[in-house]
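A.B. asks: kindly return the folded structure for what I paste below:
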Amino acid sequence: LSAILAASPVGIGLVQDRIIKWGNKALYEMLDRTPEDLCNQPIRKIYPDERTYARVGRDLYSGLARKGIEQIDTQWQTRDGRIIDCHLQASTLDPLDPSQGVLFAAMDISERKQAENDLRNSEAEKKAILDTSIDSIRHVDKNLNLLWYNRKTAEMLALNSGDILGRPCYEVLVGRNAPCRDCPTLKAMHSGRTEHAVMHHPGLGADGADAYWEIYSAPLTSEPGNIIGFIQVARDITDQTKAIEALQESEEKYRQLFENESDAVMVFDSETLRFEDANQATLDLYGYTKEAFLGLTVLEISNEKDKTEATLKRIVAGEPGSKRVPLRYFKKKDGSVFAGEVSSGTFKSGERTKIIGAVRDITE
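C.D. replies: Model (predicted):
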């Protein structure tokens, strides 16, 4: 049990009467705390506020009372005050005697949450929800036969233990007749260290789609150098992988549209007014290199600075009719002035408001 807890990248601990009794190394590292700082302390200590603590207590313990096991997304607070998003799953040690305590496993999903936010910012019309659960954990022998597995593995396979135990993991999990390519367990067998791999399994995801799993395999030893088995920890990263691919695709589409637009299109910060991006049509129209143009502000290319400042304030305020200006005069690098038609829009990047503007030369 100690070896399994030490090998798991998931934080695991025991709570009795809302008091933390013990945790594994991954839990202490997740919260940046020591065993002395966490053990025998109220679990309230790791929640950022009373509201979050009360919600988890209400929702989690009501589920435990009904089913003996429950999971929930919440937030924890590290020793230095940093807030992390985590996925929490818990089960009662003895459903007939809740006072025996609750065993919980926690996974830091801050990166997944960040990926969700990045996707929403890049392609606002699409809504992506990345559903994850506690990792699949298995114990296999040196022949890769399954000796033990956790609840997540059973739920994933929907098979009885008699159908799984003693059979090779690659046969049960992915329907192969031989070990998977780049199998981290085979790597760990030769290196004697924990090994890691991202596995791509075509057709094994929901509705026959591709599935991606991030897998760690750690050797178990009875004495130094004598490996007796392995702990496999697998995390389904299919949704996360698709989200990243969708983000990359969205950014590529934006870049292609941006660069191929015949009008001069530029992006600048609503507070500093400094340019952050510009397409080739902008550089051709104003006569700057991109490096030089990104060192300018909107006012430096305007020949009507007062009007430009007033228009920008109206755009940020969202006043009707402010996002289209039929005539405004601009100044090129060589000092010449031209008439332009302007259309603009705003979007959020983090806490900042950005303005994207398109200028069309209407001199002729």
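A.B. asks: so where does the residue nearest the centre of the chain fall, helix or strand?
C.D. replies: The chain has residue 112 as the residue nearest its centroid, 1.7 Å off, counting by CA atoms, centre = their mean. Following DSSP states H and E, one finds residue 112 within helix 110-122.
A.B. asks: residues contacting the helix or strand that that helix is followed by, please?
C.D. replies: Next helix or strand after helix 110-122 toward the C-terminus (DSSP H and E): strand 136-140. Identification of contacts with strand 136-140 by CB atoms under 8 Å, 6 or more residues apart in numbering yields 4, 8, 10, 146-150, 152-153, 156, 169, 185, 220, 229-236. Backbone N, C-alpha and C define where each C-beta goes, glycine included.
A.B. asks: which helices and strands does the helix or strand that strand 136-140 is followed by pack with?
C.D. replies: Downstream of strand 136-140, the first helix or strand assigned by DSSP H and E is strand 146-149. Secondary-structure packing of strand 146-149 (3 or more CB pairs under 8 Å, 6 or more residues apart in numbering; DSSP states H and E): strand 136-140.
A.B. asks: pull up the pairing partners for the strand it packs on, direction included.
C.D. replies: Applying DSSP bridges to the sheet, strand 136-140 is found paired with strand 146-149 (antiparallel), strand 226-236 (antiparallel).
A.B. asks: picking that back up, pull up the per-residue confidence for the residue nearest to the centre of the chain.
C.D. replies: With respect to pLDDT, residue 112 has a value of 83.
A.B. asks: that one reaches residue 238, doesn't it?
C.D. replies: No. Using CB atoms under 8 Å, residue 112 is not in contact with residue 238, being 11.9 Å away.
A.B. asks: can you give me the helices in the protein?
C.D. replies: Using DSSP state H, the helices of the chain run over residues 2-7, 25-31, 35-38, 50-67, 110-122, 151-157, 161-164, 169-174, 184-191, 238-260, 280-286, 290-293, 305-317.
A.B. asks: state the mean pLDDT of the first one.
C.D. replies: Averaged across helix 2-7, the pLDDT comes to 82.
A.B. asks: so what touches that helix?
C.D. replies: Residues outside helix 2-7 that contact it (CB under 8 Å, 6+ apart): 12, 24-25, 137, 139, 194, 216, 218, 220, 231, 233.
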